[in-house]
Every structure is written in C-alpha cells, then in structure tokens.
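Trainee: Can you look at this prediction? I've put the sequence above it.
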Amino acid sequence: MFEEDKNAIRYKWDPRTGTGYRLRFESINGSRSGHRRYHVEDWNHHVVANEWDCQSLDEALRVLRGLFDIDVAKERNRLEARFS
C-alpha cells in the first residue's frame, strides 16, 4: 500500500489509471521543534498534479481518507511512532 523514503510516503498507486497519492512532510523551524507541515500530493507518473497543504497530521490523514480507503487511527499511530 505504501512506500517510504526519507520525507515522503507513497500511497495507493493504481496501475490501471497511472495515479497515486503521496504524503510528504517537512520540519518547520528546524527538526528539533517537532512541528511539521504536511503535503498530500496527487501524482501522475511521479509528477505532482495537485497538492493539499495541511497544517497537521490529522488534516493530512482526512485528505487521504477522502481520496481512498485508509484506517486513519492505525496510520496515525504508525506515523507518530516513526516521528518520535
């Protein structure tokens, strides 16, 4: 379902349509602050077509849930463990 790299997680690649979604995150005010900005991207052949700028992980997960079926609680727990 997903593929991780340093600052992004790719979700739900659909080979039939050639599209997928990516959750990208970046630190705000340096990595020690713990604050992150999230971007949900609709990408087509690895080129970003649309982007949703999100202020929180919960907001980003709500955007993803609107695009495809995802267990938000499970994904939040997995990502929070990764960030800690």
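Mentor: Perfect, I can see it now.
Trainee: Residues touching stretch 13-28, excluding its own?
Mentor: Residues outside stretch 13-28 that contact it (C-beta atoms under 8 Å, 6 or more residues apart in numbering): 7-12, 33, 35-45, 48-49, 60, 64, 67-68. Every C-beta, even on glycine, is put in place using the N, C-alpha and C of the backbone.
Trainee: who's in contact with Phe68?
Mentor: Neighbouring residues of Phe68 by C-beta under 8 Å, 6+ apart: Tyr11, Lys12, Tyr21.
Trainee: just curious, which of the residues you listed is nearest to Val72?
Mentor: Distances from Val72 to the contacts of Phe68, taken as C-beta to C-beta, are shortest for Tyr11 (12.4 Å).
Trainee: Around the closest one, count how many other residues there are.
Mentor: Tyr11 has 18 neighbouring residues, counting by other C-beta atoms under 10 Å.
Trainee: does the residue of the chain most remote from its centre count as helix, strand or coil?
Mentor: In the chain, the greatest distance from the average C-alpha position (C-alpha atoms, centre = their mean) is reached by Arg16, at 21.3 Å. With DSSP: H, G, I helix; E, B strand; the rest coil as the basis, Arg16 sits in coil.
Trainee: Tell me where the protein has strands.
Mentor: 2-4, 8-14, 19-27, 36-44, 47-54 (DSSP state E).
Trainee: can the ones you listed go into a markdown table with extra columns for distance to Arg76?
Mentor: Listed next are the strands of the chain as a markdown table, based on distance: least, C-beta to C-beta, whole Å:
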| stretch | distance to Arg76 |
| --- | --- |
| strand 2-4 | 14 |
| strand 8-14 | 13 |
| strand 19-27 | 12 |
| strand 36-44 | 12 |
| strand 47-54 | 13 |
